[in-house]
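1. sequence plus predicted model, see below.
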Amino acid sequence: MADHNDQNLTPSDLLLAETQSWNQLYFFIEHVTLKCALQLGIPNAITKHGKPMTLSKLMSSLSISPSKYPYFHRLTRILVRYGLLILQKHEDNNVDDGDDSKGYYSLAPTDRYIMKDGPWNSMEDQDSFFFKAWNCLGDWFRNEDPSKFYTAYGDLFWTKLSRDTSSGNWFHANMARDSRSFMNVLIGNEFKDVFKGLTSLVDVGGGTGTVAMAITKKFPDMKCIVLDLPPIVANLQGSENLEFVAGDMFQKIPAANAVLLKSILHDWNDEEFVKILKNCKDAITRSGKVIIIDMVMENPELDDEAFQAQLFIDMLMMVFLGSKERNKKEWEKLFFDAGFTSYKIILTLGLRSVIELYP
Ligand SMILES: C[S@@+](CC[C@H](N)C(=O)[O-])C[C@H]1O[C@@H](n2cnc3c(N)ncnc32)[C@H](O)[C@@H]1O
Ligand SMILES: COc1cc(-c2oc3cc(O)cc(O)c3c(=O)c2O)cc(OC)c1O
């Protein structure tokens with residue numbers, strides 16, 4: 001008697017469905033094996049070695065008993081599959097599956113970006129501020145809380161972050177790292193003209209100033225202000241053309257030629273989004289502009305892997321803030337709701353786009 005689910009499925013459909021269900025049900029194993037790699041210190045061991053290393057050398061550097069070889073090579077095999085490690089087979093190319101010792105392992109570019117001191121560290125500590133918010137996500141769909149984070153902690157993300165120094169430091173350090181790498185690409189790009197000709201700019205929600213420092217270094221004649229919440233900027237020292245201002249972007253934004261919003265608007269719901277942009281519009285000159293660095297979902301320029309990454313970050317926004325990543329149509333509607341007359345998506349760099357908005 002065929003299971004009611006098997007009706008109308010051809011044998012090849014059934015076999016494909018079996019493969020798909022294994023991949024969907026055991027997708028978490030990617031996370032588990034990555035955590036295991038971090039826990040063992042694989043990325044740091046390869047980085048410290050300074051060049052690709054054989055499995056045997058990697059194991060001894062990690063003080064893993066040779067008796068575990070038959071198991072350890074299966075862990076590294078799946079890490080290669082996920083593109084976290086690269087296996088360079090020995091020139092004579094006769095390395096068989098059972099003996100990777102003739103192959104050399106190195107870190108994929110991904111590892112260099114996320115493993116050293118990156119956000120994955122939050123996944124190490126089961127009690128971490130960021131980890132527990134993901135538990136029992138289904139509970140949130142059955143309550144009226146503004147975010148799963150609120151269900152988990154009884155507090156909004158920014159409120160709790162401001163009260164938890166170590167988590168706040170971890171978060172802002174990760175944001176600074178994200179900004180350093182993004183600004184290196186943006187300012188090195190022919191589109192560095194985004195900031196050209198500006199005499200003043202306010203980086204709203206600019207955190208610890210990584211973006212503003214990069215801009216003022218490239219454009220020393222520009223006066224930059226970083227606006228952020230008091231606990232964030234309280235002890236930060238400005239410079240001749242960089243000033244830290246404690247404030248609330250929902251109240252008032254200091255006047256300037258231009259306002260920058262990097263990874264800000266995706267943190268907020270539509271009503272809050274429009275409020276921020278209306279304050280930005282009040283802050284800029286008539287010939288000024290708002291520069292937005294954020295994700296545009298369903299961007300035809302992006303491939304499937306990038307789209308999946310955007311979906312993950314959209315989940316992150318939903319879980320932590322009850323906010324969202326937006327597609328072009330959603331961005332455009334809110335731009336006009338905030339009273340702006342036109343905008344231009346200047347370019348897309350990786351997952352994010354640079355958008356200019358004109359009053
Ligand atoms: C996701 S972080 C982005 C930081 C920085 N723009 C970047 O991309 O690295 C959001 C920033 O908004 C700041 N923020 C949150 N609420 C704010 C408010 N009401 N007024 C000003 N800044 C705020 C946070 O402190 C944080 O620095
Ligand atoms: C990119 O803009 C935001 C990111 C985050 C954010 O991102 C990550 C990423 C990650 O790999 C692990 C993490 O634990 C986190 C976070 O905890 C986290 O908060 C948050 C944002 O606003 C709250 C962003 O705008």
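-> All right, it came through fine. Ligands and ions are numbered 1, 2, ... in the order given.

2. what's near enough to touch the residue of the stretch 251-359 of the chain found nearest ligand 2?
-> Ligand 2 sits closest to residue 263 of the stretch 251-359 of the chain, with a gap of 3.8 Å, by C-beta to the nearest ligand atom. All C-beta spots, glycine's among them, are computed from the backbone N, C-alpha and C. If you count contacts by C-beta atoms under 8 Å, 6 or more residues apart in numbering, residue 263 has them with 175, 178, 205, 293, 294.

3. try it again at 7 Å.
-> Taking C-beta atoms under 7 Å, 6 or more residues apart in numbering, we find residue 263 in contact with 293, 294.

4. element containing residue 152, please.
-> Residue 152 is part of helix 148-153, with elements assigned from DSSP states H and E.

5. now that helix: how far from the chain's centre is it?
-> 20 Å (C-alpha atoms, centre = their mean, to the nearest Å).

6. check stretch 133-144 too.
-> Relative to the chain's own centre, stretch 133-144 is displaced by 22 Å; criterion: C-alpha atoms, centre = their mean.

7. what packs against the helix holding residue 152?
-> In terms of contact count using 3 or more C-beta pairs under 7 Å, 6 or more residues apart in numbering; DSSP states H and E, helix 148-153 is assigned the packing partners helix 137-140, helix 304-321.

8. what does that helix contact?
-> Looking at what lies outside helix 148-153 - C-beta under 7 Å, 6+ apart - the contacts are 132, 133, 137, 139, 140, 143, 145, 156, 157, 160, 319, 320.

9. kindly provide the whole-number mean pLDDT of it.
-> Taken as a whole, helix 148-153 has a mean pLDDT of 93.

10. is ligand 2 within reach of it?
-> No. Helix 148-153 lies apart from ligand 2 when judged by C-beta under 6 Å from any ligand atom; the minimum separation is 9.2 Å.

11. quick one on the thing from earlier: can you lay out the helices and strands packed on helix 148-153 as TSV showing mean neighbour count, distance to residue 276 and mean pLDDT?
-> Putting those into TSV (neighbours: other C-beta atoms under 10 Å; distance: least, C-beta to C-beta, whole Å; pLDDT from 0 to 100) gives the following:
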stretch	mean neighbour count	distance to residue 276	mean pLDDT
helix 137-140	14	25	86
helix 304-321	15	14	92
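
12. could these be laid out in CSV, adding distance to residue 288?
-> Below are those laid out as CSV (distance: least, C-beta to C-beta, whole Å):
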stretch, distance to residue 288
helix 137-140, 40
helix 304-321, 28
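
13. out of the ones you listed, which is closest to residue 18?
-> Ranking these by distance to residue 18, with C-beta to C-beta as the measure, places helix 304-321 first at 22.4 Å.

14. so what does the closest one touch, helix or strand wise?
-> Contact here means 3+ C-beta pairs under 7 Å, 6+ apart; on that basis helix 304-321 packs against helix 148-153, strand 284-297.

15. could you give the angle of it to strand 284-297?
-> 110 degrees (axes from the mean of the first three to the mean of the last three C-alpha atoms, to 10 degrees).

16. pLDDT on the following helix or strand past helix 304-321, on average?
-> The element immediately downstream of helix 304-321 (helix or strand, assigned by DSSP H and E) is strand 326-327. pLDDT averaged over strand 326-327 equals 97, rounded to a whole number.

17. any idea how far the host helix or strand of residue 35 is from the chain center?
-> With elements taken from DSSP H and E, the one containing residue 35 is helix 28-40. Using C-alpha atoms, centre = their mean, we find the averaged C-alpha position of helix 28-40 to lie 19 Å away from the chain's own average C-alpha position.

18. for the helix or strand just after that helix, buried residues please.
-> Sequence-wise, the next helix or strand downstream of helix 28-40 (DSSP H and E) is helix 42-49. Taking 16 or more other C-beta atoms under 10 Å as the basis for neighbour counts, the residues of helix 42-49 that come out buried are 42, 43, 44, 45, 46.
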